[in-house]
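**Student:** Got a predicted structure plus its sequence, pasted below:
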Amino acid sequence: QEKQMTTSKNAYEIRTEILGMAQGFVMDKFHNKHQKWQDSTSRHPETGQLLSTKDAPEYPSSNDILHEAKKLYSFVDGK
């Protein structure tokens, strides 16, 4: 039987990974909403420029990412 070497991550490494995961999740969600908004917004017939920015999704803030990271971390930290 072969022994496998495992390395444990410290708390900082885990939180850094979770923060990256949260950022990726939040940004993917934003890009999906933004694409749907762009596809459904009227454009100028000649230039193709968007005619309105009404109802455009808001770019995620650091707080949005931290909020998502806290949700993910609570799952990992759950006992």
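**Tutor:** On my side now, so go ahead. Numbering: from 1, shown residues only.

**Student:** Dead centre of the chain: give me the residue that sits there.
**Tutor:** Centroid check for the chain by C-alpha atoms, centre = their mean gives Val26 as the closest residue, at 1.8 Å.

**Student:** what's the distance between it and Leu66?
**Tutor:** Going from Val26 to Leu66 by C-beta to C-beta, to the nearest Å gives 10 Å. In this view, the C-beta of every residue, glycine as well, is placed from N, C-alpha and C.

**Student:** ok, now His31?
**Tutor:** From His31 over to Leu66 the distance is 19 Å, taken as C-beta to C-beta.

**Student:** show me the residues around the nearest residue to Tyr59 once chain neighbours are set aside that make contact.
**Tutor:** Sequence neighbours aside, Phe30 is the residue nearest to Tyr59 in space, at 6.6 Å (criterion: C-beta to C-beta, 6 or more residues apart in numbering). By C-beta atoms under 8 Å, 6 or more residues apart in numbering, the contact list for Phe30 reads Pro57, Tyr59, Pro60.

**Student:** will you turn the residues you listed into JSON lines that also has distance to Ser42, secondary structure and pLDDT?
**Tutor:** Formatted as JSON lines, the entries for the contacts of Phe30 read as follows, by distance: C-beta to C-beta, whole Å; DSSP: H, G, I helix; E, B strand; the rest coil; pLDDT from 0 to 100:
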{"residue": "Pro57", "distance to Ser42": "17", "secondary structure": "coil", "pLDDT": "93"}
{"residue": "Tyr59", "distance to Ser42": "22", "secondary structure": "coil", "pLDDT": "96"}
{"residue": "Pro60", "distance to Ser42": "25", "secondary structure": "coil", "pLDDT": "97"}
